[in-house]
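Visitor: I need the structure of the sequence given here:
(2 chains)
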Amino acid sequence: MLKRQSPSAARSLNGLSVVVVEDETIIAMQLEDMLEDAGCRIVATAMRLRQAMALLDEDKAAGAAVLDVNLGDATVFPFAEGLQAAGIPIVFATGYGTAGVPDEWRRYPILQKPYTSAQIEAALLRVVFDERREDAGQVAAIRADRAD
Amino acid sequence: MTSFDFARQFEILPQPHAIFCRDLRFVAVNKAFEASAGMTAAALIGRKLFDMFPGEGMSRERLRASLDRVIETGERSSIAFLRYDIPDPNGVPGTFVTRFWSLTYSPMLDEAGNTEFIVATIVDVTQIAEDNARSAEEGLEPQEIEAIEARREQPAPLGIAASSEVRTFRRLFREAPGLFAVLEGADLRFSFVNEALSEFASDRFLFGRAFFDALPELKEQGVAELASQALAGRYAVIGETVRIQSERSAEGEPVADRFFDFTFSPLTDNEGKVVGLFFQGVDRTQSMRATTRHRILVDELNHRVKNTLSTVQAMARQSFRSAGDPEDARDAFEARIMALSQTHNILSASRWESASLATLIHQRLAGLPRARLSVRGPLVLLSPKPAIALALALHELASNASRHGAFAQAGGTLAVSWTCRACAGGQMLSLEWTETAPVPIEESLRPGYGIRIVRRIVEGELDGDLVMDLGTEGFSCRLDVLLSEVGYVETSVA
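Guide: Next comes the predicted model:
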């Protein structure tokens, strides 16, 4: 089972394990570079929903996930539900912006493509460290505690 | 002298006329009435209207109500269109023939202001009603159109005018694509319903029924409010793009909502009193759908632009990232942008439906010496996203071949070939890229950005397999992807 990696004591992205879902190769590679430059470690990059769903069963830990929304014919939300159940913080990144994300997911940060490394870093810091201000994050965190 | 003139005038009026006293006995009829009814004045005068013309059902009730209104109120009353069967003028007693009428009742008041007599002006519109059914396919004559144009400038009276105009109007409205109805009285009873409205009402019976009883679905959405405003005022009231919640179809399938513009225009009598409404409905569903489609297209365009900007951003980042020569980096960046742009051109030519793999390959190899190239494979059409991905991969391969591979030395060659064959998951597209280099290449296969992107595209984005080999004879690679992941093979149309 994919588990949540505990946040570091300091408010920093250094060493944060991140799952990436992005269906365009060079954008995925750019996102990996941005995350690595910020000190993150890439747990895995999925380019298809099927590849992403398979990650949920892997015995790994992720501190956060950056998710593209439209994956060819599918959307990323089934995978996002799995992440939410595991209490893993989510950042959405989509060409559609907020309009591309249904209401129930809008409590998570939504980045409009193209985005900068500064925007990615700010969004990750927010979901990983400020989750107590996020009702959803709190619920997810409690669920994750119970699962342990 | 004067009374003689009036009587004579009455006698020769071209339209049938009759005069009744308050208990609806015939007092006088003119020649035209005799001809129309097939009865003489002598046979009618002194007899009661409903004894001579009993009618039946709703027709009789409407006629009775209209006459009662004149008697009670001392005001004119009209029925624009009424089916009322009469005894067959030429037939066996007791047999009836179907007739359609337009009727106007005008009161003659006594000194106290009460209705003493009722003058009925009657137009036999049977021929028109039948012609309408017969001549549905006929177009309008130019002079008819002219008459309509001229007539449109004037307020339409509820009562009936000369019959040729009535005929033209009726046919115009009956067959018009919009919904049209004439609604009479405060309860808005249908006295004219055109074909489009009947169809809208799924052939429910409307004629003679109150508007909102017959069409309860229009009561919601503010339509009843529109009608009462029109009745209260003297101006047309318009409701734009009213959503009509559709009922389920016979199979229980939900039907998409429809949108209409509704207009209620007051119909007034000669004194300016509102006696009914003219109802119009224009189906705006198509234009609403077009608007929606347009919005979706704009959203999609916006999404595509944002994705392209992201791609360009990623290309810039990758191109300028390595610490090499800034001019090389700029050249590489420009070449990638051009590859992306030219792929967009191919896709644009097919309205972003597909791109042929061969066209894509030829375009990417366009700058290389043709004599040293071989390209062959069946027609494969790629969907837009995999087309762009493959184009970028091919661009990196071609660029590598120019800078380090077959085209970096004299006499090197490149063969690109592809096949489709049946496999477990459907059809497998296999593409082989084979470079030959006369002088052995010593450079080891290092995972630069170009190689990395090819691997990621094939294995990640296209979910396929990539095998690369830098043998001493030259670089070669083979990629296998499921055809269903990237496009399709055009099957010949039988």
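Visitor: how about the residues of chain A by chain B?
Guide: For chain A, the contact set with chain B under C-beta under 8 Å from any C-beta of the partner chain comprises A:23-30, A:33, A:45, A:47-48, A:51, A:72, A:95-97, A:99-100, A:112-115. Every C-beta, even on glycine, is put in place using the N, C-alpha and C of the backbone.
Visitor: ok, now with 7 Å
Guide: Within chain A, the residues that sit near chain B (C-beta under 7 Å from any C-beta of the partner chain) are A:23-27, A:29-30, A:33, A:47-48, A:95-96, A:112-114.
Visitor: quick one, strands of chain A?
Guide: For chain A, the strands defined by DSSP state E cover A:3-4, A:17-21, A:41-46, A:61-62, A:64-68, A:70-71, A:74-75, A:90-94, A:110-112.
Visitor: beta partners for the most centrally placed residue in chain A?
Guide: Centroid check for chain A by C-alpha atoms, centre = their mean gives residue A:65 as the closest residue, at 1.7 Å. With DSSP bridges as the criterion, residue A:65 is bridged to residue A:19, residue A:90.
Visitor: got a list of what it touches?
Guide: By C-beta atoms under 7 Å, 6 or more residues apart in numbering or on different chains, the contact set of residue A:65 is A:18, A:19, A:83, A:88, A:90.
Visitor: what's the average pLDDT for stretch B:473-493?
Guide: Mean pLDDT, computed over stretch B:473-493, is 84.
Visitor: quick check: which of the strands of chain A is buried the most?
Guide: Scoring those by mean neighbour count under mean count of other C-beta atoms under 10 Å in any protein chain shown gives strand A:64-68 as the most buried, with a mean of 27.
Visitor: now do residue B:339: how many residues are near it, please.
Guide: Per other C-beta atoms under 10 Å in any protein chain shown, the neighbour tally for residue B:339 reads 22.
Visitor: and it, that one's in a helix?
Guide: Yes: under DSSP: H, G, I helix; E, B strand; the rest coil, residue B:339 sits within a helix.
Visitor: contacts only, for it.
Guide: By C-beta under 7 Å, 6+ apart, the residues touching residue B:339 are B:364, B:391, B:392, B:395.
Visitor: now for those: which two are most distant?
Guide: Using C-beta to C-beta, the two most remote members of these are B:364 and B:392, lying 9.4 Å apart.
Visitor: redo the contacts of residue A:65 as a markdown table? Include pLDDT and distance to residue B:26.
Guide: Below are those laid out as a markdown table (pLDDT from 0 to 100; distance: C-beta to C-beta, whole Å):
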| residue | pLDDT | distance to residue B:26 |
| --- | --- | --- |
| A:18 | 97 | 98 |
| A:19 | 98 | 95 |
| A:83 | 97 | 90 |
| A:88 | 96 | 93 |
| A:90 | 97 | 88 |
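Visitor: next, format those residues as TSV and append distance to residue B:297.
Guide: Formatted as TSV, those follow (distance: C-beta to C-beta, whole Å):
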residue	distance to residue B:297
A:18	35
A:19	33
A:83	33
A:88	36
A:90	30
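Visitor: and which of those residues is nearest to residue A:124?
Guide: Ranked by distance to residue A:124 (C-beta to C-beta), the contacts of residue A:65 are led by residue A:18 at 7.4 Å.
Visitor: what is the neighbour count of the closest residue to that closest one other than its chain neighbours?
Guide: Spatially, and ignoring its direct neighbours in sequence, residue A:18 is nearest to residue A:40 (4.8 Å; C-beta to C-beta, 6 or more residues apart in numbering or on different chains). By the measure other C-beta under 10 Å, the count of residues near residue A:40 is 23.
Visitor: list the contacts for residue B:79?
Guide: Contacts of residue B:79 by C-beta under 7 Å, 6+ apart are B:62, B:66, B:103, B:191.
Visitor: tell me who's in contact with residue B:393.
Guide: By C-beta under 7 Å, 6+ apart, the residues touching residue B:393 are B:453, B:454, B:457, B:458.
Visitor: distance check, it against residue B:281.
Guide: Applying C-beta to C-beta, to the nearest Å, the value for residue B:393 to residue B:281 is 57 Å.
Visitor: got a pLDDT number for the residue nearest to residue A:18?
Guide: 97.
Visitor: residue B:153 too?
Guide: Residue B:153 carries a pLDDT value of 38.
Visitor: and residue A:48, backbone torsions?
Guide: Reported as degrees, to the nearest 10, the phi and psi values for residue A:48 are phi -130, psi 150.
Visitor: what's near enough to touch it?
Guide: A:23, A:71, B:463.
Visitor: name the helix or strand of chain B that has the lowest mean pLDDT.
Guide: Using mean pLDDT, DSSP states H and E, helix B:142-152 stands out as the lowest-scoring helix or strand of chain B, at a mean of 43.
Visitor: swap in chain A?
Guide: That would be, for chain A by mean pLDDT, DSSP H and E, helix A:135-147 at a mean of 47.
Visitor: low-confidence ranges, chain A, go.
Guide: Chain A contains residues with pLDDT under 70 at A:131-148.
Visitor: look up the closest residue to whichever residue of the stretch 101-250 of chain B sits closest to chain A, ignoring the ones flanking it.
Guide: Residue of the stretch 101-250 of chain B nearest chain A, by C-beta to the nearest C-beta: residue B:243 (22.1 Å). Spatial nearest neighbour of residue B:243, excluding adjacent residues (C-beta to C-beta, 6+ apart): residue B:257 at 5.4 Å.
Visitor: which pLDDT value belongs to that neighbour?
Guide: You'll see residue B:257 listed with a pLDDT of 78.
Visitor: what about it, distance to residue B:216?
Guide: As judged by C-beta to C-beta, residue B:257 and residue B:216 stand 16 Å apart.
Visitor: buried ones in the helix or strand harbouring residue B:51, by neighbour count?
Guide: Using DSSP states H and E, residue B:51 sits within helix B:49-52. For helix B:49-52, the neighbour count (16 or more other C-beta atoms under 10 Å in any protein chain shown) marks residue B:49 as buried.
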